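> Provided below for reference: sequence and predicted model.
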Amino acid sequence: MLSAFVSAFRTPDLRRKILFTLGLIALYRLGAALPSPGVDYRAVQDCVQLVSGGENAGIYQLINLFSGGALLQLSVFAIGIMPYITASIIIQLLTVVIPRFEELRKEGQAGQTKMTQYTRYLSIALAVLQATGLVALAARGQLLQGCQQDILADTSIFGMVIIVLVMTAGAALVMWFGEQITERGVGNGMSLLIFAGIAARIPLDGKQILDTRGGMVFSLVCVGVLAIIIAVIFVEQGQRRIPVQYAKRVVGRKMYGGSSTYLPLKVNQAGVIPVIFASSLLYLPNLIAQLTGSSTATEPSWWQEIIQKYLVNPSNPVYIAIYFGLIVFFTYFYVAITFNPEERADEMKKFGGFIPGYRPGKPTADYLNYVLSRITLPGSLYLGAVAVLPNVFLDMGNSGAVANMPFGGTAVLIMVSVGLDTVKQIESQLMNRNYEGFLK
């Protein structure tokens, strides 16, 4: 892996892409540390320190994970990349429901450009909604519960509108950063921004574990993280290779085909999307309860009591069971809408390909569906186990430091997946350049 980076820096155009990517990531981290206008920075820092060790640490670490600590600090990039990710998932799901989106997906580059435009519009709308909800919670003192300080210096309508506009503009700028990295840099821009946000918090959280729990616990956490990384790499690289044989065909005076290849089906076909889905869905009831609850009410309603009892504390067994079940469900759901066995079977039939022992067409599609349903089960169980592992440690140790999210399963899963994908892209670009030099 290190040799690939060394070779990439020796190649001028690849070096420019890597430096361009690092430059935009540095700007992203700068914006994540820059407070929004009208926010009392010192009060926010004091409240974040107070909340990070409290009983609600788990849920706040969860919602703060993808922004790299910017969300609870109400910085310019507090909304981060989540509106774009949510919009992308929604548009992808709507392709199954709306025929127009399905037609655009089949039109190639022109249709993809149109879908990207729709995703941007939806991202801005979601950013406005999320920024409004975030500022409303901060103004009511419900964002950082347990903190008595006023984190907003200006609570007038004009002041809060300015904060919402700044956060929305920050989300649009982050979206532009991600697209520029994807087009002109190396790797997937959105994934790399999430990777940078998680990696930036690791030294601080590692120091917190070392100071509060001692060197023994810190060493055990490091060994546990290393074991999780090894397991994640092993499963992420695992795939079921289905042999595909292409028949010979004559085009003009040349003969094509007659080759053997394989169709790779990954064990974790859905990636980290089910974890993001489940995390967002579990946080939604708590957010609704906070927004609809009255700050002057003496007692919460019955449904708010249920949410506070079962859906707020990540160490609660009911929370862990629901979280695990949602991850398994969304894994099957996402794989079903992103991988269509009928389309793959038709593509193989069109180009003269077939799976040995199965006739082209419906028998091939049925076989692919059978294999996919069997291979998705261990993938979903793996995702659920890795994601709920920090919650189990939190229940056993009763300490938020032991289950700090950057050292937890979700963060490790994202970082390893993004790292492997980026290294593969660098190696593929190096291989293309080596072949070009050989042909010259």
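Sure, I can see it. No experiment lies behind these values; they were computed from the predicted model shown. Numbering: from 1, shown residues only.

> those strands in the protein, which residues are they?
Taking DSSP state E as the criterion, the chain carries its strands at 239-246, 249-251, 254-256, 260-266, 353-354.

> what comes up buried for the fourth one?
Counting neighbours by 16 or more other C-beta atoms under 10 Å, one finds that the buried residues in strand 260-266 are 263, 265-266. (C-beta placed from N, C-alpha, C; glycine too.)

> Columns distance to residue 130 and pLDDT on top of those, output as TSV?
Written out in TSV, the entries for these read as follows (distance: C-beta to C-beta, whole Å; pLDDT from 0 to 100):
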residue	distance to residue 130	pLDDT
263	39	85
265	35	87
266	31	88
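
> if we take those residues, which one ends up nearest to residue 179?
residue 266 (25.5 Å; C-beta to C-beta).

> That closest one is in contact with residue 239, isn't it?
Yes - at 4.8 Å, residue 266 and residue 239 qualify as touching, with contact defined as C-beta atoms under 8 Å.

> The longest helix that the chain contains to strand 239-246, inter-axis angle?
For the chain, the helix with the greatest residue count under DSSP state H is helix 362-397. Regarding helix 362-397 and strand 239-246, their directions subtend 170 degrees when assessed with axes from the mean of the first three to the mean of the last three C-alpha atoms, to 10 degrees.

> State the number of residues packed around residue 217.
For residue 217, the number of neighbouring residues by other C-beta atoms under 10 Å comes to 16.

> Packing partners of the longest helix of the chain?
Counting by 3 or more C-beta pairs under 8 Å, 6 or more residues apart in numbering; DSSP states H and E, the packing neighbours recorded for helix 362-397 are helix 215-237, strand 239-246, strand 260-266, helix 273-292, helix 317-338, helix 341-350, helix 409-439.

> run the last query once more with 6 Å
helix 317-338, helix 341-350, helix 409-439 (3 or more C-beta pairs under 6 Å, 6 or more residues apart in numbering; DSSP states H and E).

> Quick one, which of those gets closest to residue 194.
When these are ranked by proximity to residue 194, the top entry is helix 409-439, at 6.0 Å, counting by C-beta to C-beta.

> Also compute the angle for that closest one relative to helix 215-237, please.
Angular relation of helix 409-439 and helix 215-237 on a 0 to 180 degree scale: 50 degrees, by the same axes, to 10 degrees.

> So which elements touch helix 409-439?
So helix 409-439, by 3+ C-beta pairs under 6 Å, 6+ apart, packs with helix 2-10, helix 189-213, helix 215-237, helix 362-397.

> List the buried residues of that helix.
Of the residues in helix 409-439, those scored as buried under the neighbour-count criterion (16+ other C-beta under 10 Å) are 409-419, 421-423, 426-427, 429-430.

> Cheers, nothing more for now.
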